[in-house]
Structures are given as C-alpha cells and as structure tokens.
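J.: Build me a structure from this.
(chains A and B)
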Amino acid sequence: KQEVTQIPAALSVPEGENLVLNCSFTDSAIYNLQWFRQDPGKGLTSLLLIQSSQREQTSGRLNASLDKSSGRSTLYIAASQPGDSATYLCAVRKGDYKLSFGAGTTVTVRA
Amino acid sequence: EAGVAQSPRYKIIEKRQSVAFWCNPISGHATLYWYQQILGQGPKLLIQFQNNGVVDDSQLPKDRFSAERLKGVDSTLKIQPAKLEDSAVYLCASSWTENTEAFFGQGTRLTVV
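T.: Got it, this is the predicted structure:
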C-alpha cells in the first residue's frame, strides 16, 4: 500500500520568504505525482503534475522536483505572498492508477 | 472550459437518514473519482470509474454507500443510512484518462447530527 507523508503539518513564514514543502512516499514505482492547493472550505486546485520520467516541473513561482529513487518530491514557492496561504497536498499515482494523498501542509504567510 | 460541478455544496442530515450527491465531470473526461475528506486529513478514494465501469471501489463501505455513473458522464454517490462518522467533505474529480491530471470540484460538506 502506498503511504504518502507530508512534513511539517503546518508552516508559518514572513512574506517574501521562499517556501519549501516536502512530500515522501513509500513505494517508488509511481506513475506520476500531482501537487494541489486547497483553500478553507474549497475543493482542490491542481498546481503541477510531474511524470515519473521527469526531474522537475515549473509554473510561474512554483517549482516541483521529483526524486523517485528516494521517494521524495519538493514543492518550492518563490517569494511567498499572503495569498499563498492555503493547504498544499501531494498525491501519488501508482501503476494501478489510484491517486493516494498525503494529509497536507498548511501554510500561513504573514504580511 | 467548465470545471467539475458538484451539488449540493452543503447538507445537514440526521443519522440514519439518506443523502445523495451529484457530480458532473469536465466534458470528455473518461475517469471520475469520488473522495471522502475528513477534517485535517487528506482525501481518501471511495470509488473510481472509467467511463461507466468501476475501476476501484475497495474502500467504499458497500453496506451503506453506493455510486453509479450512468452513460459514462454524470455520477451520483448515495449514503443510506448515514452515520455520524460520515461527516466529511465529499469531493468529485475527473481526468481525461486514468493516468492524467485530475481536476476537482468544490466538494459537498456533509454534516450528520
């Protein structure tokens, strides 16, 4: 069974600081990995999808890296803003195509 | 492009009552997922459809939960009878195929009292 862990559970940073969010998974035989953002009381918004053959993926201020062999992915958010405050979830898709989620990291960016 | 639509947004019911949730996926998406998200936890897959066939329902409590996807488009998830521990957000998602980017709806927040 695929276990997905996100540490820390919560993070608070001052505005302008770079954010580093971690995701680890137990089974390295993944198909792809997806990062999501969830605002309070809302659904999930897709941020980035990394295929297993890729090392990183970028979108604007967001950069996600993938190290399949060590079972890790990192989401970097450059120059954080108060609007980046949300819960960030990673989800891993294995060969059976099931998407397994971590519990998320709740980020607060202080103005 | 319209996103994944879910209704209702909120529902409050008493235990032992029944409830149904509706999902309309993004047009053309073959794969549809229902997830349950309990407060403070990540979403847990309940059931996954590929067109109108069930791919995985291993974590669906089949004694009380049921889901269908008629004609491979819209889907409904039903709980009958509801228990207090069913209080959660029910999320619907869809993707072009089973291994492509998943897009989520706004969710239905269910409170069982």
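J.: Could I get the contacting residues of B:Cys38?
T.: Not Cys; residue B:38 is Ile. B:Lys44, B:Ser87, B:Ala88 (CB atoms under 8 Å, 6 or more residues apart in numbering or on different chains). In this view, the C-beta of every residue, glycine as well, is placed from N, C-alpha and C.
J.: can you list those in JSON lines and add neighbour count and distance to A:Ser59?
T.: JSON lines is the format used below for the contacts of B:Ile38 (neighbours: other CB atoms under 10 Å in any protein chain shown; distance: CB to CB, whole Å):
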{"residue": "B:Lys44", "neighbour count": "15", "distance to A:Ser59": "27"}
{"residue": "B:Ser87", "neighbour count": "17", "distance to A:Ser59": "35"}
{"residue": "B:Ala88", "neighbour count": "20", "distance to A:Ser59": "30"}
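J.: okay if I get those as TSV plus distance to chain A?
T.: Output for the contacts of B:Ile38, formatted as TSV (distance: CB to the nearest CB, whole Å):
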residue	distance to chain A
B:Lys44	8
B:Ser87	15
B:Ala88	13
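J.: Run through chain A and note the low-pLDDT ranges.
T.: Chain A contains no residues with pLDDT under 70.
J.: Correction: the previous question concerned chain B.
T.: B:1.
J.: nearest spatial neighbour of the residue of it found nearest chain A, skipping sequence neighbours?
T.: Proximity of chain B to chain A (CB to the nearest CB) peaks at B:Gly42, 3.5 Å away. Once flanking residues are discounted, B:Gly42 sits nearest to A:Phe101: 3.5 Å by CB to CB, 6 or more residues apart in numbering or on different chains.
J.: Write out the residues of chain B neighbouring chain A.
T.: Taking CB under 8 Å from any CB of the partner chain as the measure of proximity, chain B contacts chain A at B:4, B:6, B:33, B:35, B:40-45, B:48, B:55-56, B:91, B:93, B:98-107, B:109.
J.: what sits against the residue nearest the centre of chain B?
T.: Residue closest to the mean C-alpha point of chain B, counted by CA atoms, centre = their mean, is B:Trp34 at 3.1 Å. Counting by CB under 8 Å, 6+ apart, B:Trp34 makes contact with B:Cys23, B:Leu45, B:Leu46, B:Ile47, B:Gln48, B:Ala67, B:Ser75, B:Leu77, B:Tyr90, B:Leu91, B:Cys92.
J.: Which of those residues are buried? Put it as a ChimeraX command.
T.: Buried subset of those, written as a ChimeraX selection, criterion 16 or more other CB atoms under 10 Å in any protein chain shown:
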select /B:23,45,46,47,48,67,75,77,90,91,92
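J.: Could you dump the contacts of B:Trp34 into a markdown table and include secondary structure?
T.: Converted to a markdown table, the contacts of B:Trp34 look like this (DSSP: H, G, I helix; E, B strand; the rest coil):
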| residue | secondary structure |
| --- | --- |
| B:Cys23 | strand |
| B:Leu45 | strand |
| B:Leu46 | strand |
| B:Ile47 | strand |
| B:Gln48 | strand |
| B:Ala67 | strand |
| B:Ser75 | strand |
| B:Leu77 | strand |
| B:Tyr90 | strand |
| B:Leu91 | strand |
| B:Cys92 | strand |
